[in-house]
Structure formats: C-alpha cells, structure tokens
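**Q** Provided below are the primary sequence and the corresponding predicted coordinates.
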Amino acid sequence: MLTPGFFITFEGSEGCGKSTQIAYLEKYLRKKNPNHEIVLLREPGGTALGEKIRYLLKHEGEEVSIAAEAELLLFAASRAQLVREVIQPALKRGAILLCDRFLDSTTAYQGAARALNSDHVAMINQIATGGLIPDITLLLDQEISLGRARMSERNKKMETPDRMEQEPEAFYEAVRKEYLNLAAAEPDRWIVIDASQHPEQVAEQILNELNKKCSVNNRLVSTLSS
Ligand SMILES: Nc1ncnc2c1ncn2[C@@H]1O[C@H](COP(=O)(O)OP(=O)(O)OP(=O)(O)O)[C@@H](O)[C@H]1O
Ligand SMILES: [Mg+2]
C-alpha cells in the first residue's frame, strides 16, 4: 500500500542508541522542514492499550510469569493497536513516522533469540501489521559488550533493568545475528549503521545513508522536501 507518508523504524539491541538517534533525526527533520508533521512512536506502546502492555512486558515480569508464546502475542497486540490507531492514519495524512522498534524486533527477539517457530512468528507479525512494512529500517549495530556497558552506565544513573536487559550473552548474540541476516536479506529497506561511534558521528552516518537512499527513493525525497 503506497501512502503519502514515510515510515522509518529503528532497530538494534538494548543500549545501541535508538532513542538517542531518533531524537537527533527528529531535531534535524524539524529544522529542515518545520511544517511537516513528524510522529514519534515506540514499541511496545504508543497507544493507551500499548502503554499498558509495555508496562506489563517490561516491569511485571518479575512477579507475573510470561511464557515466550504469551510474550509474542502481547507484543503483537500492542503492534496491532498501534498500526490501526496511529500509524495508518498518520501515513494517510502524509506524516514522517519515526518508530523505536517494529516488527523486526519480534523476528529477532521472539523468533531467533527465544527460538519460537519462525513461520508462526511471521504469521503473527503479518496479522499485527496488516502487511505494513517500514519504508526504511535503520539497524544500529554494535558489539554486545558495548550495549551492555552502556546499559549498566544508564542503570546506575536512573533506571532499573527491564526483563529483556537481564538475558544471558547468547540471547543478545542471537538477536544481533538475526538483525544482520534480516538486513542482508532486504538491502533496499535496511541500512546498517556502525553504532559504536560517538553519538554525533552515528547521527551523521544516518543522515548520509538516508540521503543516499533519497537519491534512489523519490517518495522519501518528496516527503522530506514538501
Ligand atoms: N554512540 C553512543 N556512544 C556512547 N554512548 C551512547 C551512544 N548512544 C547512546 N549512548 C548512551 O547509551 C545509553 C543507551 O542509549 P539509548 O537509550 O539511546 O539506547 P536504546 O537503544 O534506546 O536503548 P533501549 O533499547 O534500552 O531503549 C544512554 O545512556 C545513552 O546516553
Ligand atoms: Mg530506547
């Protein structure tokens, strides 16, 4: 389905800099085109239902046990609501959407790392998204140890680790490997970014790569310059 808007997703393991880079890109886009609607979203979440599911998935897990299959369906429920309530209408209005995680997180985390049946995961993703695929997906790739170091620094400052931040190293290795496989399988949609650099250098890489895509993607050019 071709809509007037443009849908960019950010993927990568915990602490790779998704939130940081979304903020940079938002600032850049707002400055470049102050009148264009930009919508920031995060998964799970972004709707009233999704935020309740987010809390359940991130913080209730210590007292409430959540089987891998239940986890898959909870993420899917949040996504299904987000697509219908927010993403589809925003794309129809012509907005640029920056989304912190989307369907590829499910493929990497519930599919590869939790080792659920990949056909089932693809089918659930299909139901949740209604077939909507991002126009561009930025993968912030880095060594697992770097992400862990950043998370522990961040946790020292403010947050307690959520369920997904307490998995063994092999879990994150599986996530990273799957993301790289997905990116290699669909090079037109994915952009792999070296997230180990300084945040400003990562932001610069993202803009350079988006500009390169602009030259081959007329929709992005017209959305960004309208
Ligand atoms: N390129 C970078 N170099 C060093 N530190 C960084 C970089 N990018 C982000 N950070 C820091 O690392 C921590 C994690 O960054 P951020 O919250 O943006 O990651 P995230 O991918 O959104 O994580 P999560 O998956 O947990 O939401 C933050 O404390 C942030 O300030
Ligand atoms: Mg974040």
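**A** That came through fine. Numbering: from 1, shown residues only. Ligands and ions are numbered 1, 2, ... in the order given.
**Q** excluding its backbone neighbours, what's nearest the residue most central in space within the chain?
**A** Centroid-nearest residue in the chain: residue 101, 1.7 Å away (criterion: CA atoms, centre = their mean). Once its chain neighbours are removed from consideration, residue 101 has its nearest residue in residue 43; the separation is 4.2 Å (CB to CB, 6 or more residues apart in numbering). Glycine gets a C-beta too; all of them are placed from N, C-alpha and C.
**Q** tally of neighbours for the one you found?
**A** The local packing of residue 43 (other CB atoms under 10 Å) involves 20 other residues.
**Q** ok, the residue nearest to the centre of the chain - contacts?
**A** Contact partners of residue 101, counting by CB atoms under 8 Å, 6 or more residues apart in numbering, are 9, 10, 11, 18, 42, 43.
**Q** just the closest of those residues to residue 26, please.
**A** residue 10 (11.2 Å; CB to CB).
**Q** which pLDDT value goes with the closest one?
**A** What the model reports as pLDDT for residue 10 is 98.
**Q** thinking it is in contact with residue 21, fair?
**A** Yes: with contacts defined as CB atoms under 8 Å, residue 10 counts as touching residue 21 at a distance of 6.5 Å.
**Q** shared neighbours, the two?
**A** Going by CB under 8 Å, 6+ apart, residues that sit against residue 10 and also against residue 21 are 138, 140.
**Q** the more surrounded of those two?
**A** With other CB under 10 Å as the criterion, residue 10 and residue 21 differ in neighbour count, and residue 10 comes out ahead with 28 against 23.
**Q** does at least one residue of the helix or strand hosting the more buried one sit close to ligand 2?
**A** In this structure, residue 10 is located in strand 6-11 according to DSSP states H and E. No: for strand 6-11 and ligand 2, the contact criterion (CB under 5 Å from the ion) is not met; the two come no nearer than 8.7 Å.
**Q** tell me the SS of residue 126?
**A** When the structure is split into helix, strand and coil by DSSP: H, G, I helix; E, B strand; the rest coil, residue 126 lands in helix.
**Q** over to residue 97?
**A** Counting by three-state DSSP, the backbone at residue 97 sits in strand.
**Q** that one contacts residue 5, correct?
**A** Yes: here residue 97 reaches residue 5: they are 6.4 Å apart, a contact under CB under 8 Å.
**Q** anything in contact with each of the two?
**A** Joint contacts of residue 97 and residue 5 (CB under 8 Å, 6+ apart) are 90, 91.
**Q** related to what we said a few turns ago, could you export the strand holding residue 10 as CSV, CA atoms only?
**A** Taking only C-alpha atoms (Å, rounded to 0.1, in the frame of the first residue of the first chain), the coordinates of strand 6-11 have been written out as CSV:
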residue,chain,number,x,y,z
PHE,A,6,7.0,7.9,5.2
PHE,A,7,7.7,5.2,7.8
ILE,A,8,11.2,4.8,9.3
THR,A,9,11.9,2.3,12.0
PHE,A,10,14.9,2.0,14.3
GLU,A,11,16.1,-1.5,15.4
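**Q** now the helix or strand residue 106 falls within: mean pLDDT?
**A** Secondary-structure assignment from DSSP H and E places residue 106 in helix 103-106. For helix 103-106, the mean per-residue pLDDT is 98.
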